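Student: sequence plus predicted model, see below.
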2 protein chains.
Amino acid sequence: MKKIAIYGYGNVGKAAEEAVRAAEDMELAGVYHRNELDRLIAEAPGKIDVVLLCTPTREVPRCAKQLLAAGIPTVDSFDIHTRIGSVRRELMEVARQGGAVSILSAGWDPGSDSVVRCLMEAIAPKGLTYTNFGPGRSMGHTVAAKSKVGVADALSMTIPLGTGIHRRMVYVQLQPGADFAEVEKAILADDYFAHDETHVIQVPDVSALNNVAHGVNLVRNGVSGTTHNQRLEFNMTIDNPALTGQVMAACARAALRLKQEKRFGCYTMIELAPIYLMASEEYALSLV
Amino acid sequence: MKKIAIYGYGNVGKAAEEAVRAAEDMELAGVYHRNELDRLIAEAPGKIDVVLLCTPTREVPRCAKQLLAAGIPTVDSFDIHTRIGSVRRELMEVARQGGAVSILSAGWDPGSDSVVRCLMEAIAPKGLTYTNFGPGRSMGHTVAAKSKVGVADALSMTIPLGTGIHRRMVYVQLQPGADFAEVEKAILADDYFAHDETHVIQVPDVSALNNVAHGVNLVRNGVSGTTHNQRLEFNMTIDNPALTGQVMAACARAALRLKQEKRFGCYTMIELAPIYLMASEEYALSLV
């Protein structure tokens, strides 16, 4: 049995716990809160095979480095696309020195969507891919909206308009005495919203809108060899934290496998053979 | 530049040639017809890095074994799903002894669809997947229909009815004097058709119906952790030989990479990191 620990216990941490408990080849080696990293590292030897890092994304590089330096494999769902390359290089170095394996950005986007994008480009190398997100809640945009003066709570929904263009529907619950026009102006001026069609809507209670549903529509029209009009499409409608937690649990298998093969380092999901994500390789081969 | 040779020059061989010529990191090292295997093996040293086996599927195991035993990496699109496991074991042994790499069943199904099926199961482990093929020409069923007494030419179209159930539309051109009722009866009794809804239709000229378009609709409704109703879908409408040839060319990169790493053996596509299929790993990482 693979001994999997969870570090960080928000939406994704809870979903990762469910994925680990549901997996036939895993046992839960512990749940650690964000102030318990030292305790985790002290308890890991012999007790923990892989740690699923379920902290806020910005804390991932720091926590991963501490664990990897101690020789403990990690899986995270770091989701700032523009920083993945540099974080991968940093973690690569630490993981190699620590004799550990890091699986970086193991969520659904980045993550399983990345695998589909890469596969689509491999089989139709010329052409355009569009990733259309939603409808679903954008974490980054929601945090940006919440940060405005006068906002008690907020929710930013991502609405796909096709060809990778998105509308932002921002629902705000105001603090007593706050001026909606001022809040709307501040949100529209924020760099998170300034480049997209954005609508700000006042509601009495944001918590009444809460829903972790999300989705994606990934389309490519490409060229194989010299043949045009190869049309490829991938769609999902999902519970967001549940999928993220499940992808992380699946990637724990790959982390262990690569460690056993002494292929230490940091890997994104496109660098993993899909069979490494499965509980049974024999069963996986039956899907070919 | 990777030196890629093509063995077998039918629809798929021609498409593979186009894919190799279009690839920035490959050069065509030769096209060999099916009676030229000995010449190919004699000429390979220093001239050929990987051979794309574009023969009829039943000839793949025999040809692959000869090449692998001579240390020459191969890629094939062997497509008899029920035999992939046993062929993989056979080629594994020969490839390891020959210090070579075989990429087995590198088409679109088996092939890229297999990668999607595996990924879908990894991220939503419980549930059902349905692979719905077509509309498009089925090679196996077309050959079976052509084999009947009185048939001059035939075309069997696969029509998806959902939940993995297919209708067979069989267009037959009769030989002079043949009896349509007899032909229809023989086709309906064939094991290829006996289990599906099948319609046999007489036409004056099968060649007028020729079209290499095909497609797939792969759907999974599964469970991530304890969360149900995770809906995943993959669709393609494609030129069939063009996609197969392109997948084979992409897998030649993986064959070379694994050979360089001395990871000799036989691999299906779910055993390959998707990044290995790409001309540029740096570019591939930008897709994450």
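Tutor: It's in.

Student: next up, phi/psi of A:Gly136, please.
Tutor: Main-chain torsions, A:Gly136, degrees, to the nearest 10: phi -180, psi 170.

Student: what's the separation between it and B:Gln230?
Tutor: 13 Å (C-beta to C-beta, to the nearest Å). In this view, the C-beta of every residue, glycine as well, is placed from N, C-alpha and C.

Student: between those two, which is the more surrounded one?
Tutor: When neighbours are counted by other C-beta atoms under 10 Å in any protein chain shown, A:Gly136 and B:Gln230 differ, and B:Gln230 comes out ahead with 24 against 19.

Student: wait, what's in contact with that one?
Tutor: Residues in contact with B:Gln230 (C-beta atoms under 8 Å, 6 or more residues apart in numbering or on different chains) are A:236, A:238-239, A:242-243, B:123-124, B:127, B:220-224.

Student: excluding chain neighbours, what is closest to it?
Tutor: Excluding the flanking residues, the one nearest B:Gln230 by C-beta to C-beta, 6 or more residues apart in numbering or on different chains is B:Ala124, at 4.3 Å.

Student: surely that neighbour meets A:Gln246?
Tutor: Yes. Using C-beta atoms under 8 Å, B:Ala124 makes contact with A:Gln246 at a distance of 6.9 Å.

Student: and A:Ala29, what does it touch?
Tutor: If you count contacts by C-beta under 8 Å, 6+ apart, A:Ala29 has them with A:Lys3, A:Ile4, A:Ala5, A:Lys47, A:Ile48, A:Asp49.

Student: burial count for the residue nearest to B:Gln230?
Tutor: Counted with other C-beta under 10 Å, residues neighbouring B:Ala124 total 29.

Student: how about the residues of the stretch 1-150 of chain A that lie near chain B?
Tutor: Residues of the stretch 1-150 of chain A lying near chain B by C-beta under 8 Å from any C-beta of the partner chain: A:15-16, A:18-19, A:21-23, A:81, A:84-85, A:88, A:105, A:108, A:110, A:112, A:114-119, A:121-126.

Student: any idea what the closest residue to A:Arg21 other than its chain neighbours is bridged to?
Tutor: For A:Arg21, ignoring the flanking residues on the chain, the nearest one in space by C-beta to C-beta, 6+ apart is A:Leu28 at 6.0 Å. Following DSSP bridges, A:Leu28 is listed with bridge partners A:Ile4.

Student: how close does A:Leu28 get to chain B?
Tutor: 12 Å (C-beta to the nearest C-beta, to the nearest Å).

Student: lowest-confidence helix or strand of chain A?
Tutor: Least confident helix or strand, chain A: helix A:139-146 with a mean of 92, by mean pLDDT, DSSP states H and E.

Student: so what does that helix touch, helix or strand wise?
Tutor: Judged by 3 or more C-beta pairs under 8 Å, 6 or more residues apart in numbering or on different chains; DSSP states H and E, helix A:139-146 is in contact with strand A:151-160, strand A:166-174, helix A:191-194.

Student: how about a cut-off of 10 Å?
Tutor: Using 3 or more C-beta pairs under 10 Å, 6 or more residues apart in numbering or on different chains; DSSP states H and E, the elements in contact with helix A:139-146 are strand A:151-160, strand A:166-174, helix A:180-189, helix A:191-194, strand A:197-202.

Student: and that helix with helix A:180-189, angle?
Tutor: Inter-element angle recorded for helix A:139-146 and helix A:180-189: 140 degrees (by axes from the mean of the first three to the mean of the last three C-alpha atoms, to 10 degrees).

Student: buried residues in helix A:139-146?
Tutor: Neighbour-count burial for helix A:139-146, with 16 or more other C-beta atoms under 10 Å in any protein chain shown as criterion, is recorded at A:His141, A:Thr142, A:Ala144, A:Ala145, A:Lys146.

Student: same question, stretch A:73-92
Tutor: For stretch A:73-92, by 16+ other C-beta under 10 Å, it's A:73-79, A:83-84, A:87-88, A:90-92.

Student: now the end-to-end length of it.
Tutor: With C-alpha to C-alpha, to the nearest Å as the measure, stretch A:73-92 spans 12 Å from end to end.

Student: go on, stretch A:99-107?
Tutor: Separation of the first and last residues of stretch A:99-107 by C-alpha to C-alpha is 24 Å.

Student: please parse chain A into its domains.
Tutor: Segmentation of chain A into domains, based on automatic domain parsing, reads A:2-110+A:241-286, A:126-224.

Student: could you identify which of those domains is most buried?
Tutor: Of those, the one with the most neighbours on average (mean count of other C-beta atoms under 10 Å in any protein chain shown) is domain A:2-110+A:241-286, at a mean of 21.

Student: can you give the distance of the host helix or strand of A:Ala255 from its chain's centre?
Tutor: With elements taken from DSSP states H and E, the one containing A:Ala255 is helix A:240-260. The chain centre lies 11 Å from the centre of helix A:240-260; the measure is C-alpha atoms, centre = their mean, to the nearest Å.

Student: just the mean pLDDT for it, thanks.
Tutor: The average pLDDT within helix A:240-260 is 98.

Student: out of the helices and strands packed on helix A:139-146, which comes closest to chain B?
Tutor: Among these, strand A:151-160 comes nearest to chain B, with 15.2 Å by C-beta to the nearest C-beta.

Student: distance from stretch A:237-245 to the middle of the chain?
Tutor: Distance, stretch centre to chain centre, for stretch A:237-245: 9 Å (C-alpha atoms, centre = their mean).

Student: A:Asn229 and chain B, how far apart?
Tutor: Distance, A:Asn229 to chain B, by C-beta to the nearest C-beta: 8 Å.

Student: what about that residue, how many neighbours?
Tutor: 15.

Student: what secondary structure does the residue nearest to it when sequence neighbours are not counted sit in?
Tutor: If the residues on either side of it in the chain are set aside, A:Asn229 comes closest to A:Asn221, at 6.7 Å by C-beta to C-beta, 6+ apart. At A:Asn221 the chain is in strand, as set by DSSP: H, G, I helix; E, B strand; the rest coil.

Student: ok, the closest residue in space to A:Gly134 that isn't next to it in sequence - contacts?
Tutor: Excluding the flanking residues, the one nearest A:Gly134 by C-beta to C-beta, 6+ apart is A:Thr158, at 3.9 Å. By C-beta atoms under 10 Å, 6 or more residues apart in numbering or on different chains, the residues touching A:Thr158 are A:132-142, A:166-169, A:196, A:214-215.

Student: right, I'll call it a day here.
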